[in-house]
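In: starting from these lines, generate the structure:
(chains A, B, C and D)
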Protein chains: 2
Amino acid sequence: MSKLKAQPTEDKILEAAKEVFMKYGLYGARMQDIADTAGINKALLHYYFRSKEKLFDKIFEGALVKYFQQMDVLSDSSLPIKQRVFKYIDNIIDFYAEYPQMSMFIIKEISINPEIFKEKVSVAKNKKGTSLINILEDGVAKGEIKKIDTSMFLINLQSLCSYPFLASPLFKHVLKVNHKDWNDFNSNKLKQSVKTFVENTLSK
Amino acid sequence: MSKLKAQPTEDKILEAAKEVFMKYGLYGARMQDIADTAGINKALLHYYFRSKEKLFDKIFEGALVKYFQQMDVLSDSSLPIKQRVFKYIDNIIDFYAEYPQMSMFIIKEISINPEIFKEKVSVAKNKKGTSLINILEDGVAKGEIKKIDTSMFLINLQSLCSYPFLASPLFKHVLKVNHKDWNDFNSNKLKQSVKTFVENTLSK
DNA sequence: ATACAGTTTAACCATTTGGTTAAACACAAA
DNA sequence: TTTGTGTTTAACCAAATGGTTAAACTGTAT
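Out: Model (predicted):
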């Protein structure tokens, strides 16, 4: 039986900061809003993390790490290429289902301040150094998959997996207004359709 | 020969406001930043548009209108379904190439304040009332295209067309770091790959 | 020239915001 | 009980921010 401990202040802050920063970005977020969300005094934010920027850095770094972690599954060289891509799709869609705002948060902040990406990426990037592009070009060279534009394939794949989650506030309205209930949307259906795309694109 | 007139203040403001609001959102944007970008005195912002909110509304409404305008091409009932979708793809990708941040801007603001969507959508939505979903279900019913999940198809299509532009700050780095030059990216290649997807998905 | 309306500006104001501080609190060791 | 250390709080501060104002400027009609 696990001891039921109250959540440490530091964790409450990180959780709240993640929520608020993801929603409003670095400039738009308000320290008081973070404090309120965490249910603590504002001064505690500065007690645990010196400044707004420092706190933001913690959140952003964590987001980048989690983001790049999703690619680790690609390194499993025991599987054929297509299977690895399928696994990657399952992985990344589950990830986005849990953190739907992550992708937009990272993109927004990078577009506002491109420098921080270079700073943080060395910390965050997956250590194994196996990128989807590498894997695919390997597969093409070995004749395991169709000859494709690997960059465009990566863009298409990322698009299909990311956008449905980050645009869900929009789809929710557009689809509800028009027809079906957006709540019907489930990750498995998305996984299936993305895999069909991959199948069509990679198979010889 | 057209008279070369200096750009009216009001237009300079709208242009600058669009740029700043798109980048930082309603809360993150600073009036002084907008004034500086427009190269005018801050008080002029309030002279032409009463408040920050009012100015933001103008920008957001304009964005929504342009966004929904892209769908008008779908109404051209003289063409077969697939051709209309192809035209729509050309349309919307050209649109995103010109306004890469539009999609994210709308999504972000809607997710922060879902109410404004309902308020504005009636003004902005395309008058002809022809949605992609309608067209597709029509096509399925007539047997003109394969029997598909129309909602999922719409999501996939939007994903393929939108995400490459809104994630370009990320791709720029990831792809450059890894391999090819992101500057090689051009809309025509994207259009082609999206059309291939549509072909594979819709053709019987 | 003069009067007038629309436009632009610098100086200003009230509120909000990130950040600080000193005192209060909690709690374990002596 | 006392001492000491880490945590939390209310009150506060300086700077930034959205917004106002009254005066100055610009051009045009009289």
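
In: got any ranges where chain A has weak pLDDT?
Out: A:1-6, A:122-130, A:176-185 (pLDDT under 70).

In: which residues of chain A lie near DNA strand C?
Out: A:29-32, A:42-43, A:46, A:50-53 (Cβ under 7 Å from any atom of the strand). (Glycine included, C-beta is placed from N, CA and C.)

In: from those residues, pick the one nearest B:Lys195.
Out: A:Ala29 (40.6 Å; Cβ to Cβ).

In: OK, contacts around the closest one?
Out: Taking Cβ atoms under 8 Å, 6 or more residues apart in numbering or on different chains, we find A:Ala29 in contact with A:17, A:20-21, A:23, A:52, A:56, B:27.

In: got a quick PyMOL command for the buried subset of those residues?
Out: To isolate the buried ones among the contacts of A:Ala29 in PyMOL, judged by 16 or more other Cβ atoms under 10 Å in any protein chain shown, type:
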select buried, (chain A and resi 17+20+21+23+52+56) or (chain B and resi 27)
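
In: domain ranges for chain A?
Out: Following automatic domain parsing, one gets these domains for chain A: A:8-50, A:60-202.

In: now do the shortest one: distance to the chain's middle.
Out: Read that as domain A:8-50. From the chain centre to the centre of domain A:8-50 is a distance of 21 Å (Cα atoms, centre = their mean, to the nearest Å).

In: do the last one as well
Out: A distance of 8 Å separates the centroid of the chain from that of domain A:60-202, by Cα atoms, centre = their mean.

In: what residues does chain A put near DNA strand D?
Out: A:9, A:40-44, A:47.

In: now, of the residues you listed, which are buried?
Out: Buried subset of these (neighbour count, 16+ other Cβ under 10 Å): A:9, A:40.

In: biggest helix in chain A, by residue count?
Out: As assigned by DSSP state H, the longest helix anywhere in chain A is helix A:9-28.

In: that one packs against which elements?
Out: helix A:31-38, helix A:42-48, helix A:52-69, helix A:102-112, helix B:9-28, helix B:102-112 (3 or more Cβ pairs under 8 Å, 6 or more residues apart in numbering or on different chains; DSSP states H and E).

In: turn those into a markdown table, including distance to B:Lys66.
Out: Shown next, in a markdown table, are the helices and strands packed on helix A:9-28 (distance: least, Cβ to Cβ, whole Å):
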| stretch | distance to B:Lys66 |
| --- | --- |
| helix A:31-38 | 31 |
| helix A:42-48 | 39 |
| helix A:52-69 | 31 |
| helix A:102-112 | 20 |
| helix B:9-28 | 11 |
| helix B:102-112 | 7 |
